[in-house]
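J.: here's a sequence, model it:
(one chain, ligands or ions: 1)
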Amino acid sequence: MRSGRENRVGIRPPGVCGAGHDGLNGAVSGDRCMRLDVGDWLDGLEGLAYFVGPSGAVVACGERNLRRFALENGAPELADPSAVIGRNILDFVEGDEVRNAYRGFLDTLLNDKSRAISFLFRCDAPNMRRDLRMGMSVVRSRGETRGVLFHSTTLKTTTRLPVRIFDFKKHRVVASALDDPRAVRMCSFCQKLAGPGLDPSIAENWVDGSRYGGAAAVQAPIQHDVCPPCHHQWVDTLLPRGSGKKLTPRQIDILRQLCQGHSNKIIAYRLGTTENTVKTHLKEIFKRIGARNRAEAVRLAFKTWPDFKET
Ligand SMILES: [Zn+2]
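T.: You can find the predicted model right below:
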């Protein structure tokens, strides 16, 4: 309980700082009163906030929120700001694909190709679905880029039941009997299961974990994974698309024919060339537009050239 005296000291009229400067009068006293460091600003933001310098190193962070987030997520080693400040922000991003995406974003922002980038992402726990938003904004001062503000806020949390698929005792028996115990993979996002340890006949069919039979049915080590639909929704959409190189007129023509549903053989015949040449062209086209296969190339092509369907 605070004493009345402390309360009186704590409350100041607006515009007057603790040292007695009148914040409303004169730039000098105003400047002195308003000297807050970047960490103070970041701590005032909701959620996790970092300021990253042009080299990618974390310069400052919102310490209070960092501490709370680290402890809530079982990472006490990150609760101390000195474990974070000075390190490259990419050191905290897991997975090559996602790290490449972040590297691309940083490059885009630091080279003034964009002022801000934002996206939705998920960071789930076994009993919790968490939807978050990441915003990255360039901080400029006196005409120079000083760094990037990373700011993530939680939009929604939904509790969910952990799927009971792991029976430690059974797993120990199975593991000791097999040289190479086959794994079951679990999608961290939707909790579906796949893998030869589940049933070799449905190894790549992701099935609902809670309906599969639970701990009685799954007797293999569990690996965390992300199923293709969740991967598409939460990872692919983050990745910068393609090499960015423009397509040549010849490549556009081939892509148009692909969209019309023609096989390599027919495309080769129509262009008076060989199937191998068409294949080589397609490979380069896929690389340039960021497609992994024909279906994706067609889907992406229609976004740019909606008229490609017509013959
Ligand atoms: Zn999934």
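J.: in the lengthiest strand in the chain, which residues are buried?
T.: Looking across the chain with DSSP state E, the single longest strand is strand 144-159. By 16 or more other C-beta atoms under 10 Å, the buried positions in strand 144-159 come out as 146-152. Backbone N, C-alpha and C define where each C-beta goes, glycine included.
J.: what's the answer for stretch 280-289, then?
T.: Buried, per 16+ other C-beta under 10 Å, within stretch 280-289: 281-282, 284-286, 288-289.
J.: out of those, who's nearest residue 133?
T.: Distance ranking of those against residue 133, using C-beta to C-beta, places residue 289 first at 27.5 Å.
J.: ok, that closest one touching residue 299?
T.: No. Assessed by C-beta atoms under 8 Å, residue 289 is found out of contact with residue 299, at 10.2 Å.
J.: quick one: what helix or strand has the residue nearest to residue 288 when sequence neighbours are not counted in it?
T.: Ranked by C-beta to C-beta, 6 or more residues apart in numbering and with sequence neighbours excluded, the top spatial neighbour of residue 288 is residue 245, at 4.8 Å. For residue 245, there is no host helix or strand (DSSP states H and E).
J.: distance check, residue 245 against residue 94.
T.: 29 Å (C-beta to C-beta, to the nearest Å).
J.: of the two, which one has the most company?
T.: residue 245 (11 against 7; other C-beta atoms under 10 Å).
J.: rewinding a little: packing partners of the longest strand of the chain?
T.: strand 48-52, helix 96-110, strand 128-141 (3 or more C-beta pairs under 8 Å, 6 or more residues apart in numbering; DSSP states H and E).
J.: where does the stretch 101-250 of the chain come near the ion, residue by residue?
T.: 187, 189-190, 227, 230 (C-beta under 5 Å from the ion).
J.: swap in 6 Å and give it another go.
T.: Counting by C-beta under 6 Å from the ion, the stretch 101-250 of the chain comes close to the ion at 187, 189-190, 192, 227, 229-230.
J.: ranking helices and strands of the chain by mean pLDDT, which lands last?
T.: Every helix and strand in the chain was compared by mean pLDDT, DSSP states H and E; the lowest is helix 4-10, with a mean of 33.
J.: okay, now the domains of this structure?
T.: Split into domains by automatic domain parsing, the chain comes to 1-92, 241-310.
J.: go through those and find the least confident stretch.
T.: Lowest mean pLDDT within the domains of the chain: domain 1-92, a mean of 70.
J.: backbone dihedrals for the nearest residue to residue 92 once chain neighbours are set aside, both of them.
T.: Nearest non-adjacent residue to residue 92, counting by C-beta to C-beta, 6+ apart: residue 84, 7.6 Å away. Phi and psi for residue 84, reported as degrees, to the nearest 10, are phi -110, psi -40.
J.: isn't residue 84 right next to residue 57, touching?
T.: No. Using C-beta under 8 Å, residue 84 makes no contact with residue 57, being 10.1 Å away.
J.: more neighbours: which of those two?
T.: Using other C-beta under 10 Å, the more surrounded residue of residue 84 and residue 57 is residue 84, with 19 against 15.
J.: can you tell me how far the more buried one sits from the ion?
T.: 30 Å (C-beta to the ion, to the nearest Å).
J.: what's near enough to touch that residue?
T.: 50, 58, 61, 66, 78, 92 (C-beta atoms under 8 Å, 6 or more residues apart in numbering).
J.: need the residues that contact the longest strand of the chain.
T.: Against strand 144-159 from outside (C-beta under 8 Å, 6+ apart): 42, 45-54, 59, 89, 106, 109-110, 112, 120-121, 127-140.
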